[in-house]
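> After the sequence you'll find the predicted model.
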Amino acid sequence: MLSLNRVTAAPALPPGPRLPGRLTRNAQALLTMLTGRERPATAYDLYDELRSGGHNTGLTTIYRGLHSLAEAGAVHEFRIGDQSAYLVCPAEPHEHLICRVCGRVQQQHLYAASRWQAVAADVGFQVVEQRIEFYGRCDRCRR
Ligand SMILES: [Zn+2]
Ligand SMILES: [Zn+2]
């Protein structure tokens, strides 16, 4: 039986971009911009930052780069309002703890989540990707 009573949280996973060798220079530059952030960034966020830094980059180029980063599994996509936003995520399985107050996303591996794949396998379902998101208030916003 699946029990949610004993969910154990591991320490926060370090962010880890993957397959950097397969990325275009454009995607690599965007990955560098996204690394170390706690909140997902939209294409417009990156566009504004690049423009104010004197770079003449078009939105289409940014969209293309973000798309290839998502394809490579280096970032995860989030919906913020009607926009997509991107955050660098570790290669290891993890769940997202999303703060509704500050927008911070914490990546945690909740060991119970891996058992859900076993439950899916029991009904003959092959899991190829798992996304589990929790919404709430982070420890900083609860103070
Ligand atoms: Zn993620
Ligand atoms: Zn927060």
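Ah, there it is. Ligands and ions are numbered 1, 2, ... in the order given.

> This protein against ligand 1: which residues are in contact?
76, 89 (CB under 5 Å from the ion). In this view, the C-beta of every residue, glycine as well, is placed from N, C-alpha and C.

> could you pull out the helices for the chain?
25-34, 43-52, 59-71, 111-122, 139-142 (DSSP state H).

> Using JSON lines, lay out these together with mean pLDDT, mean neighbour count and distance to residue 83.
What follows is those, written out as JSON lines (pLDDT from 0 to 100; neighbours: other CB atoms under 10 Å; distance: least, CB to CB, whole Å):
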{"stretch": "helix 25-34", "mean pLDDT": "95", "mean neighbour count": "18", "distance to residue 83": "15"}
{"stretch": "helix 43-52", "mean pLDDT": "96", "mean neighbour count": "16", "distance to residue 83": "7"}
{"stretch": "helix 59-71", "mean pLDDT": "95", "mean neighbour count": "17", "distance to residue 83": "11"}
{"stretch": "helix 111-122", "mean pLDDT": "83", "mean neighbour count": "13", "distance to residue 83": "27"}
{"stretch": "helix 139-142", "mean pLDDT": "97", "mean neighbour count": "11", "distance to residue 83": "22"}
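
> With distance to residue 90 as added columns, please give these in CSV.
Converted to CSV, these look like this (distance: least, CB to CB, whole Å):
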stretch, distance to residue 90
helix 25-34, 13
helix 43-52, 21
helix 59-71, 14
helix 111-122, 14
helix 139-142, 20
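
> nearest to residue 102, of those helices?
With CB to CB as the measure, helix 139-142 is the member of these nearest residue 102 (5.5 Å).
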